[in-house]
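> got a predicted structure plus its sequence, pasted below:
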Amino acid sequence: MYNLIAVSMGEVALKGKNRGYFEKKLTDRIKRNVKEFENVSIYKDQGKIFIEPSNSEDFDRIIEKVRKIFGIVLLSPCIKVEKNVESIEKKIIELFSYLVKNKGIKTFKVQTNRTDKEFEIKSLDFNRRLGGVILSNFNDIKVDVHNPDVFIYVDIKTDCYIYSERIKTVGGLPIGTNGKGLLLLSGGIDSPVAGYMMAKRGVEIEALYFHTYPFSSERANEKVKKLRDLLEDYCGKIRLRSINMLEIHKAIKANCLEKNTTILARRFMMRIAERISKENGIDILITGESLGQVASQTIESMCVIENAVDIPIIKPLVGMDKTEIVEISKEIGTFETSILPYEDCCQIFAPKHPATKPKLDNILEDENNLDIQNLIDTVIQTLEIN
Ligand code: ATP
Ligand code: MG
């Protein structure tokens, strides 16, 4: 029935002077997401983006790919018709028969949007006229202007587009319209969701993973790569950096109080992440903490961890319950991978009784026993980029 997909941009369209820039970002993302399909044409017609597959078999798969793009609020499968009354009336009847057959509808409303003011019939008059055409061609059908079973939309632009269905998508802002963030990506449930949430608001994502090979397994690395791959459907290409923290963990174990281990290790992670960010033009760090979830996520712990760096650490999940986070991770498809049982570094070196209310002074005292700069220089040598 349908031969192209109309893309509605939501918030993007509201961005005034930036509109052109947002549209360009969005069009680039659409091109990238559909590049596996042959001869898909993507074009703009008076404020809307249209995707026209050359092969109708690709239609549903293209929708699946495009519905994950941030900045799009609705997708409408639609029909392009020549801009003359006769052709439009003919197609409306075809579309309506299809809807009656497939959706069992009883009531409808026609809504014309005449962006091209040269078109000879005004919107309200055209609604009435097309409504009349439908009523005279179908039995047991009524107009309902308040709560119809279906809307029949008629968009009159350079060409004319008619459609009825609207597919809800992820919303948000196009990637790359709000700076760059370095996501501290562990193999857990939370950090992939944190990355998703920031990407949804337009942040371009790079990722950083700390392991302790051979104390953490090769499979743990593979799991993190898999999570990165899953996030790429939404975020576009994500560069994943991995660093082996083993030397740091050994030094902490040998020189510091056991209860402070996690906080000390986290402060190192933040310092390393900050350094990588500065060297690569990244604006913020992103982590998956949720307030009070574990010992290292109390207010006191978070304050002491943050104190190690100047770069902002954004924690988009901070006010969410675990159940809410799990729900999103299921929705975006990372949950099943996140719960695979391969350990990342922190569980192996985790203290039995971690400090829940660490004092900065005590932590700094412990750090006096470490050659911080030298340790960072050492582990940064293990950097791998995937
Ligand atoms: P997650 O489910 O994301 O693993 P978590 O509930 O296990 O989080 P923590 O272990 O306290 O919580 O980690 C808090 C945050 O610190 C993580 O969400 C992540 O952003 C970062 N982090 C923890 N461990 C690592 C690691 N090995 N590599 C990279 N980032 C990490
Ligand atoms: Mg974890």
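Cool, got the structure. Ligands and ions are numbered 1, 2, ... in the order given.

> use CA for all of it now, contacts and neighbours both
Will do.

> what's the burial count for residue 116?
14 (other Cα atoms under 10 Å).

> look at the closest residue to it other than its chain neighbours and report its pLDDT.
Spatial nearest neighbour of residue 116, excluding adjacent residues (Cα to Cα, 6 or more residues apart in numbering): residue 157 at 5.1 Å. In this model, residue 157 is scored at 95, pLDDT.

> how near is residue 157 to ligand 1?
47 Å (Cα to the nearest ligand atom, to the nearest Å).

> how about residue 78?
Separation of residue 78 from ligand 1 (Cα to the nearest ligand atom) stands at 41 Å.

> likewise for residue 353?
Taken as Cα to the nearest ligand atom, the span from residue 353 to ligand 1 is 14 Å.

> so that residue, which state does it fall into?
Put simply, residue 353 is coil when judged by DSSP: H, G, I helix; E, B strand; the rest coil.

> that one reaches residue 259, doesn't it?
Yes: using Cα atoms under 8 Å, residue 353 is in contact with residue 259, at 5.8 Å.

> mutual contacts of these two, please.
With Cα atoms under 8 Å, 6 or more residues apart in numbering applied, the contact sets of residue 353 and residue 259 do not overlap.

> the two: which has the busier surroundings?
With neighbours defined as other Cα under 10 Å, residue 353 and residue 259 compare such that residue 259 has more, 16 against 11.

> now the more buried one: how far from residue 360?
14 Å (Cα to Cα, to the nearest Å).

> same question, residue 371
Taken as Cα to Cα, the span from residue 371 to residue 360 is 18 Å.

> what about those two, which has more around it?
Ranked by neighbour count (other Cα under 10 Å), residue 371 and residue 360 place residue 360 first, with 16 against 11.

> excluding sequence neighbours, find me the nearest residue to that one.
Nearest to residue 360 is residue 304, by Cα to Cα, 6+ apart, at 5.7 Å.

> which secondary structure elements does the helix or strand where that neighbour lies contact?
Assigned by DSSP states H and E, residue 304 falls within helix 299-306. Counting contacts by 3 or more Cα pairs under 8 Å, 6 or more residues apart in numbering; DSSP states H and E, helix 299-306 is packed against helix 261-279.

> which elements pack onto the helix it packs on?
Judged by 3+ Cα pairs under 8 Å, 6+ apart, the packing partners of helix 261-279 are strand 180-184, helix 246-255, strand 284-286, helix 299-306, helix 360-367, helix 372-380.

> circling back to that earlier point, tally up the residues packed near the residue nearest to residue 360, please.
22.

> could I get the helix holding residue 304 in CSV with only the CA atoms?
Provided in CSV are the C-alpha atoms of helix 299-306 (Å, rounded to 0.1, in the frame of the first residue of the first chain):
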residue,chain,number,x,y,z
ILE,A,299,26.1,10.9,48.5
GLU,A,300,29.3,10.8,50.6
SER,A,301,31.0,8.3,48.2
MET,A,302,29.9,10.2,45.1
CYS,A,303,31.2,13.5,46.5
VAL,A,304,34.6,11.9,47.3
ILE,A,305,34.9,10.3,43.9
GLU,A,306,34.0,13.5,42.0
